[in-house]
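Enquirer: no sequence for this one, just the structure:
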C-alpha cells in the first residue's frame, strides 16, 4: 500500500499578539480568474484592519501591472472600490471582449507601512464560442451518443454549427442555418474518424466566426505523447502517437506557429515527412525553453487517401530530462528491466546496492513523482560494506552544456525508518559529490537535490561528454557508521537554474470532507463510502514500520495498517466505540491511526515489542516565506487515547522539516505516566495549538505526524488543521 494524506491549512495574513488584526487587502470582487459577461466592472476588496489608503493598479498587460509601470497606476484613494470600463473612468469606451485584465491593490497602513497586493485577473468573455464539449482534440468519443455543446459567446443570440470529417469544408463553410440552443446532435458517427466542428455566434449585430475544434472516435490516430496541452515538457522530448487502425503510414507536421501547422500541407515548411507504420515517433532535436509547439499527424490509408489529424500542442520547460525511469519494463528477457540498466552491487562484494525489486514489477509504481514508475534503490552498508551505488550508462544526451544548462537536479523520496547515510552522485566514475544534509534518506516526501555542474567540472569531468551517472549512499573512502534503507528516485534533470520545489501557496484549508471514501477492506468488508488510503495529491504516509505491511496475511486489520481516512461514525461503530464517540470536534471524515483495531486481527503474533506499529504522515512543502521568524502556529482537532505496559509504549510526535534541513520535533506525547511528556487518556476531544518555531530564513516547512512504538493500544485521530502566521 502507498498511503497519502492531505490536510489543509489556513494562512492568516497577519495575526497580532492580541489577535484579530491583519494587514493587506483580500477578498477580490470579481474573484481572481472570473469571467465577466459585460464591458465594465466595479472592482472591490476587503481592507486590512489598519488600512489608511490604497494604490490602485489596473491594465491589460500582466508584466506592467505586476511592476506598476506605464499607465497602470490609477491613483491613491481611500475607497474600497474602483470602476473601470465606464465613461469618466479608465477604459471609458468599455472593456474589450476576449481580453484578460489584471489588477493590484497596495495597502497603506496608518503607521506608513505599505503592503504590496497580490496580482488578480478577470476575463471579459469573448464574442466567440468557447469551452467546447467534447474538448478540442478529445479522443475516444462514443460514436453512438456524441452530443456537442459549448459556452456561447458574449451577447450571442443565435448559433450556426458546421460539422464534418473534412477540415477545409468545415473551415470554409458559410450559409448554415442558425439555432437558438448551444447543443448539437451530429447523429450516428463512424469509428476511426477525426471530426471537425465550428460554431459561429450572432449577437444581433454581427456574426463572429468560431475556432475549428476536433475530436476523434475509437480507431483514429491518437494518444499523443507529450499529451495535448502538456506543460513543462523537457526540451529533449521525442514525439510519439498511436496509429490509426486503418493507416498504412502517417504524415507528420511540426512547428511553433499554431495556425501554420493547422493549415500546412506537404509543401509547407512545417511538413516533417512520411512516417512508416510501426515507427510512430519523431525526434525533433533539442527544443527551445518556454515555447509552445504544435503538431499534427495525418493518416494515410492503403489507397493513399489522407485523413487530416487533430492539432496537438505542448509547452516546454527549461530543462533536459536525463532519466525519467519510464522506459523500463518487466521483460528482463528483452533486457528491459530497470536493474539491467542501472547496474547495482550484485556480484560486487564491496557494493551493497540493489536496484528494483526481486520480483516483477521491478520498478516502484506507487511512490512516483511523475509518470507511472520510479526507481527503488536499496542500500545495505552493513557487515563491512561501506557504500551502495548504482550506475547508468547514458544512451544519449552526453553534452551537458547545451541550452545553457548549469544544474543537475535529482528528485528523491526517503523513509523515516531508513538509516541516515550520506547520499552522493558521480559522473563518469569520478569522485562523489555528497549532499550536505546527511539525513536526506529519511525525508518522507518528494524532495529535490540541486547540484551545480561546475562542481563536476572542477573534478575534471568533461561536461561535453558525460557517459555515466551514479547514485549512492555511504562513504566510498571507507569511513562511516553504516546502515540500510530504501530511497526512491525519479526525474533526473538538467536545468538552467535550481529546480523549484513545488510549494502549495497559502491560504488553504481542509476538513477532509473532499476525500472520496471507498469500501472497507476488512473491518466490515465491502461497506461502501467509509474508508480510503488514497488521499489527495501532495501529502504522504509512510507505513513501512507496520509489521507485516504489504502482505495481507500478516499486516493486521488492513484498514488500519497505517494512517487512513474514515467516516468517523462508521469507525466509532465498527470499533465498538470505546470512547471514540467523544471526538465531537471531528466531523464527517477524519484521519486515524488506530493500532488497537489493527491488532484485533489474529494474524499478528503477540507480543510485538520488538516490532511495534510505526506510521508517519507528512504534508507537502508549505510556503512560509512571508512569515516572521517564530510566528508559524499549527492548530488541529485531536482525539488521543494512549496505553502503556511492558510491551506497548504508544507515542506520538510532530516534526518539522524546514527547507530540507534536519527534522525538528515540535510536539511529543508519551503514554508512560512517569514521562514529562505524558499525555493522559482524558484527551479524546481537544483543539491543539503547536508553535512551529520557524527559524529565520526558512521559506518552507514539511510537517510530519508520527504514531509509533505502539501495539494493541488505542488511537490518534485528527481533523480540521490550520496554520497561522504573522507576516
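Expert: Looks like it came in fine. Only a predicted model underlies this, so the values are computations on that prediction, with no experimental measurement involved.
Enquirer: buried residues, stretch 77-87. List them.
Expert: By neighbour count on 16 or more other CB atoms under 10 Å, the buried set for stretch 77-87 is 80, 82, 84-86. In this view, the C-beta of every residue, glycine as well, is placed from N, C-alpha and C.
Enquirer: let me fix that: stretch 156-169
Expert: Of the residues in stretch 156-169, those buried (16+ other CB under 10 Å) are 156, 158-163, 165, 167.
Enquirer: and if you look at stretch 388-401?
Expert: 388-392, 400.
Enquirer: who does the strand ranked longest in the chain pair up with?
Expert: Longest among the strand segments of the chain by residue count, using DSSP state E, is strand 483-495. Sheet pairing of strand 483-495 (DSSP bridges) gives strand 319-323 (antiparallel), strand 375-381 (antiparallel), strand 407-413 (antiparallel).
Enquirer: show residues contacting the last one.
Expert: The contact list for strand 407-413 (CB atoms under 8 Å, 6 or more residues apart in numbering) reads 319, 322, 367, 369, 374, 400, 423, 425, 440, 443-453, 456, 471, 487-499, 540.
Enquirer: in strands only, show me the buried residues of stretch 156-169.
Expert: Among those, the subset assigned to strands under DSSP E consists of 158-163.
Enquirer: pull the most distant pair out of these.
Expert: Across those, the longest distance by CB to CB is 16.5 Å; it joins 158 and 163.
Enquirer: residue 195 contacts residue 187, correct?
Expert: No: using CB atoms under 8 Å, residue 195 is not in contact with residue 187, being 11.5 Å away.
Enquirer: about what we covered before: what's the closest of the buried residues of stretch 77-87 to residue 531?
Expert: Closest to residue 531, out of all of the buried residues of stretch 77-87 and judged by CB to CB, is residue 80, at 46.5 Å.
Enquirer: so that closest one makes contact with residue 54?
Expert: Yes: Residue 80 is within contact range of residue 54, at 7.3 Å (criterion: CB under 8 Å).
Enquirer: what ranges do the strands span in the stretch 601-727 of the chain?
Expert: Secondary structure of the stretch 601-727 of the chain (DSSP state E, counting those that start in this stretch): strands at 613-618, 622-623, 633-641, 651-658, 664-670, 683-691, 700-710, 715-724.
Enquirer: ok so, going back, can you put the buried residues of stretch 156-169 in JSON lines and add pLDDT and distance to residue 637?
Expert: Listed next are the buried residues of stretch 156-169 as JSON lines, based on pLDDT from 0 to 100; distance: CB to CB, whole Å:
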{"residue": "156", "pLDDT": "97", "distance to residue 637": "49"}
{"residue": "158", "pLDDT": "98", "distance to residue 637": "55"}
{"residue": "159", "pLDDT": "98", "distance to residue 637": "51"}
{"residue": "160", "pLDDT": "98", "distance to residue 637": "57"}
{"residue": "161", "pLDDT": "98", "distance to residue 637": "53"}
{"residue": "162", "pLDDT": "98", "distance to residue 637": "57"}
{"residue": "163", "pLDDT": "98", "distance to residue 637": "55"}
{"residue": "165", "pLDDT": "95", "distance to residue 637": "58"}
{"residue": "167", "pLDDT": "95", "distance to residue 637": "58"}
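Enquirer: show me the shaky parts of this protein.
Expert: Low-confidence segments of the chain, defined by pLDDT under 70, are located at 1-23, 479-481, 499-508, 602-610, 660, 727.
Enquirer: break it down into its domains, please.
Expert: For the chain, automatic domain parsing gives the domain ranges 26-124, 130-216, 222-318, 322-495, 531-724.
Enquirer: which residue sits farthest out from the middle of the chain?
Expert: Computed with CA atoms, centre = their mean, the residue of the chain farthest from its C-alpha average is residue 175, at 46.7 Å.
Enquirer: follow-up on the earlier one: among the buried residues of stretch 156-169, which pair sits farthest apart?
Expert: 156 and 165 (26.1 Å).
Enquirer: out of the buried residues of stretch 77-87, the closest to residue 338 would be?
Expert: The closest of the buried residues of stretch 77-87, once distances to residue 338 are taken by CB to CB, is residue 84, at 57.0 Å.
Enquirer: who's the closest one bridged to?
Expert: The partner residues for residue 84, given DSSP bridges, come to residue 41.
Enquirer: again, but for residue 423
Expert: So, taking DSSP bridges as the rule, residue 423 has residue 473 as bridge partners.
Enquirer: so it touches residue 435, yeah?
Expert: Yes: Residue 423 lies in contact with residue 435 (CB under 8 Å); the separation is 4.6 Å.
Enquirer: now do the shared contacts for the two.
Expert: Counting by CB under 8 Å, 6+ apart, the shared contacts of residue 423 and residue 435 are residue 449.
Enquirer: that older thread, now the ones in strands among the buried residues of stretch 156-169 as JSON lines including distance to residue 699?
Expert: Output for those, formatted as JSON lines (distance: CB to CB, whole Å):
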{"residue": "158", "distance to residue 699": "54"}
{"residue": "159", "distance to residue 699": "50"}
{"residue": "160", "distance to residue 699": "54"}
{"residue": "161", "distance to residue 699": "52"}
{"residue": "162", "distance to residue 699": "53"}
{"residue": "163", "distance to residue 699": "52"}
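Enquirer: residues near residue 292, how many?
Expert: A count of nearby residues for residue 292, using other CB atoms under 10 Å, gives 12.
Enquirer: the one 10 residues further on now?
Expert: If you count neighbours by other CB under 10 Å, residue 302 ends up with 9.
Enquirer: ok so, going back, please point out which parts of the longest strand of the chain sit buried.
Expert: 483-495.
Enquirer: check which element follows it along the chain.
Expert: For strand 483-495, the following helix or strand on the C-terminal side (DSSP states H and E) is strand 531-532.
Enquirer: got the contact list for that following strand?
Expert: Defining contact as CB under 8 Å, 6+ apart, one finds that strand 531-532 is touched by 515-521, 523, 559, 564-567, 570.
Enquirer: returning to what we had before: which of the strands of the stretch 601-727 of the chain sits most buried?
Expert: Among the strands of the stretch 601-727 of the chain, strand 613-618 has the highest mean neighbour count (mean count of other CB atoms under 10 Å), at a mean of 26.
Enquirer: still on that earlier bit, mean neighbour count, the strands paired with strand 483-495: which tops it?
Expert: Highest mean neighbour count among the strands paired with strand 483-495 (mean count of other CB under 10 Å): strand 375-381, with a mean of 24.
Enquirer: may I have the beta-bridge partners of residue 667?
Expert: In beta-bridge terms (that is, DSSP bridges), residue 667 pairs with residue 654.
Enquirer: so how far is residue 639 from it?
Expert: Distance check for residue 667 against residue 639: by CB to CB, to the nearest Å, it reads 15 Å.
Enquirer: what does residue 441 give?
Expert: Distance from residue 441 to residue 639, by CB to CB: 33 Å.
Enquirer: now do residue 203
Expert: 59 Å.
Enquirer: got it, and residue 282?
Expert: The gap separating residue 282 from residue 639 is 57 Å, by CB to CB.
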